[in-house]
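In: Build me a structure from this.
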Amino acid sequence: MSRTRSRSRTASTAAAAGVLALTAACGSPGAPGGGAGSGGGGGEEGAPVQVGLITSTSGPLASYGAQYLQGFEACLDHLTDGTGEVGGRPVEVIQRDDAGDPAKAVAEATDLIGQGVQILAGSASSGVAVQVAPLAEQNDVLFISGPAATDALTGINGNTFRSGRQTYQDVRTAQSFIGEAAGKEVLVFAQDSAFGQANVAAVTAVLGDEAGATVTPLLVPASATDLTPFAAQARDAGADLTFVAWAGETAPAMWQAMGQQGVFDATNVVTGLDMRASYPTYGEQVADLNFLSHFFAEAVDNEMSQAVAEGVEAAGGEVDIFTPDGCNAAQMIVRAVEESPDDVAGMISALEGWSFDGVKGEMTIRAEDHALLQPMFQARLEQQGGEFVPVLVDTLAPEDTAPPVATA
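Out: Predicted structure coming up:
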């Protein structure tokens with residue numbers, strides 16, 4: 001069932017926004033490092049179906065991993081009415097920490113596969129996900145990646161799915177602020193790092209090569225502390241859209257420099273809305289910013305979002321940007337186990353082309369390449385009661401940001 005992929009493979013980036021490492025702790029139904037010998041391949045009536053959940057609970061993406069885990073647990077609990085069973089089979093989750101390290105993730109995945117685990121899930125890091133995906137195909141297990149946004153996962157092989165959005169959908173959401181991109185000038189304002197260069201590559205591929213815009217990078221040395229000259233360059237570029245991809249502790253100074261140099265008066269500035277803890281970094285300029293958004297709690301109000309919010313909050317957590325990714329994974333696993341608990345080929349068939357109501361709204365797994373088609377959002381931040389609160393500006397339908405089908 002191997003598939004190849006085309007231009008939607010162009011960029012690898014964990015998220016189009018900065019990373020803040022919060023050490024949120026989160027448990028899992030089933031002990032970490034759970035025992036072998038009762039894997040899903042046994043086929044015995046009532047035997048547990050094991051799920052290997054590998055994600056970051058330490059390292060730079062620990063906060064993202066925590067959100068994913070909270071969403072997964074709340075959704076699995078909701079879908080199984082608190083029993084943790086699907087079709088009379090207990091779902092045993094074996095949780096492992098990859099610490100954002102691909103080598104560690106591969107070692108954990110190899111160990112779990114050796115135990116007989118047929119379902120793997122997780123991956124906040126794109127670098128991790130693209131290393132685990134080939135293992136899934138080689139060993140014929142189901143792999144449902146998490147927040148990892150790299151386009152390279154779409155169509156990488158027939159055993160790999162994703163429960164989050166991909167970079168292409170981020171960039172298309174950014175484009176929605178200026179309409180048709182053909183003939184427009186787009187500036188990518190980013191740090192000269194792997195993260196920044198990946199965003200340049202993504203915007204160039206999607207808005208430049210595909211949509212006809214002229215894309216120009218403005219890469220700032222990661223060591224720069226005086227950001228005023230670079231902000232002035234952004235102002236003078238005269239772009240129709242300035243796409244900002246910035247990570248790290250210099251973000252507040254960068255936004256301040258952009259405001260002082262009049263960048264917001266000269267161009268439409270768009271950036272990714274990250275987790276709630278990052279909101280204060282935008283400072284006084286927040287009212288002038290346009291945000292593309294994968295998810296924030298205020299964007300939707302449906303049965304699943306209400307149920308998951310209740311579960312997350314009961315566990316002492318807070319719904320955040322990657323809560324839906326965990327919930328989607330739980331929904332996909334429940335579907336796979338319901339339809340084919342002991343046969344991976346049957347699990348894959350059950351997921352291909354499947355549409356379901358998720359936290360974000362209607363989700364569809366495209367059969368051809370396993371892209372996850374989903375709503376995306378425009379947002380702004382407002383100060384309310386001394387806090388920054390996200391406000392929905394517009395919802396983009398799944399087809400509005402759908403990546404091209406990854407084909408040979």
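
In: This structure: helices as residue ranges?
Out: Here the chain has its helices, by DSSP state H, at 62-79, 102-114, 126-139, 167-175, 194-203, 228-236, 251-260, 263-266, 303-314, 323-339, 344-351.

In: where's the nearest residue in space to V141 that is not next to it in sequence relative to D111, distance?
Out: Spatial nearest neighbour of V141, chain neighbours left out: Q118 (5.1 Å); criterion: C-beta to C-beta, 6 or more residues apart in numbering. To be clear about C-beta, it is placed using only N, CA and C from the backbone, and glycine gets the same treatment. Separation of Q118 from D111 (C-beta to C-beta, to the nearest Å): 14 Å.

In: what about these two, which has more around it?
Out: Neighbour totals were compared for Q118 and D111, and Q118 leads with 25 against 16 (other C-beta atoms under 10 Å).

In: Got the phi and psi for the more buried one?
Out: Main-chain dihedrals, Q118, degrees, to the nearest 10: phi -110, psi -10.

In: Hmm, A345 and it touching each other?
Out: No: applying C-beta atoms under 8 Å, one finds Q118 not in contact with A345, separated by 10.8 Å.

In: rewinding a little: okay, the residue nearest to V141: pLDDT?
Out: What the model reports as pLDDT for Q118 is 98.

In: Is G122 bridged to anything, and to what?
Out: Beta bridges link G122 to I54, S145 when assigned by DSSP bridges.

In: Quick check: it touching D98?
Out: Yes: G122 lies in contact with D98 (C-beta under 8 Å); the separation is 7.3 Å.

In: Quickly list what's touching both of those two.
Out: I54, T55 (C-beta atoms under 8 Å, 6 or more residues apart in numbering).

In: worst-scoring helix or strand of this protein, pLDDT-wise?
Out: helix 194-203 (a mean of 92; mean pLDDT, DSSP states H and E).

In: and the angle for it with helix 167-175?
Out: On the basis of axes from the mean of the first three to the mean of the last three C-alpha atoms, to 10 degrees, helix 194-203 is oriented at 70 degrees to helix 167-175.

In: Check which helices and strands helix 194-203 sits against.
Out: Where contact means 3 or more C-beta pairs under 8 Å, 6 or more residues apart in numbering; DSSP states H and E, helix 194-203 is packed against helix 167-175, strand 185-191, strand 214-220, strand 241-245.

In: any chance of these in a markdown table, plus mean neighbour count, distance to T55 and mean pLDDT?
Out: What follows is the helices and strands packed on helix 194-203, written out as a markdown table (neighbours: other C-beta atoms under 10 Å; distance: least, C-beta to C-beta, whole Å; pLDDT from 0 to 100):
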| stretch | mean neighbour count | distance to T55 | mean pLDDT |
| --- | --- | --- | --- |
| helix 167-175 | 27 | 19 | 96 |
| strand 185-191 | 24 | 25 | 97 |
| strand 214-220 | 19 | 30 | 98 |
| strand 241-245 | 26 | 23 | 97 |
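
In: Out of those, flag the one nearest S349.
Out: Closest of the helices and strands packed on helix 194-203 to S349 is helix 167-175, at 25.0 Å (criterion: C-beta to C-beta).

In: With only the CA atoms kept, save that closest one in PDB.
Out: The C-alpha trace of helix 167-175 is given here as PDB (Å, rounded to 0.1, in the frame of the first residue of the first chain):
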ATOM      1  CA  THR A 167       2.100  23.200   6.900                       C
ATOM      2  CA  TYR A 168       0.400  23.500   3.500                       C
ATOM      3  CA  GLN A 169      -2.900  24.200   5.400                       C
ATOM      4  CA  ASP A 170      -1.200  26.800   7.500                       C
ATOM      5  CA  VAL A 171       0.100  28.700   4.500                       C
ATOM      6  CA  ARG A 172      -3.200  28.600   2.600                       C
ATOM      7  CA  THR A 173      -4.800  30.000   5.700                       C
ATOM      8  CA  ALA A 174      -2.300  32.900   5.700                       C
ATOM      9  CA  GLN A 175      -3.100  33.500   2.000                       C
END
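
In: helices and strands around that helix, which ones?
Out: Applying 3+ C-beta pairs under 8 Å, 6+ apart, we find helix 167-175 packed against helix 194-203, strand 241-245, strand 290-293, strand 376-384.

In: Can I get these in a markdown table including distance to V186?
Out: Output for these, formatted as a markdown table (distance: least, C-beta to C-beta, whole Å):
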| stretch | distance to V186 |
| --- | --- |
| helix 194-203 | 6 |
| strand 241-245 | 5 |
| strand 290-293 | 13 |
| strand 376-384 | 17 |
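
In: Out of the ones you listed, which is the most enclosed?
Out: strand 241-245 (a mean of 26; mean count of other C-beta atoms under 10 Å).
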